[in-house]
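Visitor: Here's a sequence, model it:
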Amino acid sequence: MAPLLVKLKIPLSELKKVSVIVLILTNLVSVFGVIFMDWDAFLVVFLFWTENVIIGFFNILKMAVAPPDATGKWGPKYKIIPFFCVHYGMFTLVHGFIVFAIFGSVFENDDLFAGISATYHSLINPAFGWAVLALAVSHTISFFVNYIGKGEFKKTSLGQLMVQPYARVIILHITVLIGGFLVMLLGSPVVGLILLIALKTYVDILSHVRQHHIFNPA
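Guide: Numbering: from 1, shown residues only. Okay, here's the model as predicted:
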């Protein structure tokens, strides 16, 4: 039990880093949406799904900046990047369909198209747009501070980058999907949604710290 608790512990020193502070502030935007904008479980979970797209975009940038393979040839990079785009794109698209089907109001109406339209229009609000922008800013800061600024791009490989997003996204969103489903069954209470956001933030920070610890073990 003790080793498990150690692995789940986030050092206080990590919480003082710029990228982690921005990550926490970014997740607080969704708390604002829940408290002041009456967001339900669908909007919260779909916001977290949009982060998949942002993570994939920055992973492509990381691949583009990463050094060539051991042979010194840049050719494989131009094969791996398109493959990642297709593979990760399909993964993200299927995940999006699941979020729409489970948490949206797609099947609450006898008319399927009316349900899809209602779900889509619930996403059109300024607060949600600002929340997506905050996620993009958070990952932009992490990219330039950690990946570029701390020289992580010199220590990574295309193979690592090919699988890296899946580990973070799968663990994070299994947690979010299960938690979100339970909250939805309870009628999307504010307290439940805030606890879901807090859980997501914790898992997010833990994944963030471990990911960057690979390149900067000290």
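Visitor: which SSE is the residue most central in space within the chain in?
Guide: In the chain, the C-alpha nearest the mean C-alpha coordinate belongs to E51, at 3.8 Å (C-alpha atoms, centre = their mean). If you go by DSSP states H and E, E51 is part of helix 41-65.
Visitor: State the next helix or strand along the chain beyond that helix.
Guide: Assigned by DSSP H and E, the successor of helix 41-65 is helix 77-103.
Visitor: for that next one, what is the average pLDDT?
Guide: Across helix 77-103, the average pLDDT comes to 87.
Visitor: List the residue ranges of this protein that fall below the pLDDT cut-off.
Guide: 1-8, 69-75, 105-119, 212-218 (pLDDT under 70).
Visitor: Which stretches in it count as helices?
Guide: 2-7, 18-36, 41-65, 77-103, 112-121, 126-142, 158-185, 190-213 (DSSP state H).
Visitor: Could you name the helices and strands sitting against the last one?
Guide: Read it as helix 190-213. Applying 3 or more C-beta pairs under 8 Å, 6 or more residues apart in numbering; DSSP states H and E, we find helix 190-213 packed against helix 18-36, helix 41-65, helix 158-185. (Glycine included, C-beta is placed from N, CA and C.)
Visitor: rerun that using 10 Å as the cut-off
Guide: helix 18-36, helix 41-65, helix 126-142, helix 158-185 (3 or more C-beta pairs under 10 Å, 6 or more residues apart in numbering; DSSP states H and E).
Visitor: Need the winner for burial among the ones you listed.
Guide: Among the helices and strands packed on helix 190-213, the stretch with the highest mean neighbour count (mean count of other C-beta atoms under 10 Å) is helix 41-65, at a mean of 20.
Visitor: what angle separates it from helix 126-142?
Guide: Taking axes from the mean of the first three to the mean of the last three C-alpha atoms, to 10 degrees, one finds that helix 41-65 is oriented at 30 degrees with respect to helix 126-142.
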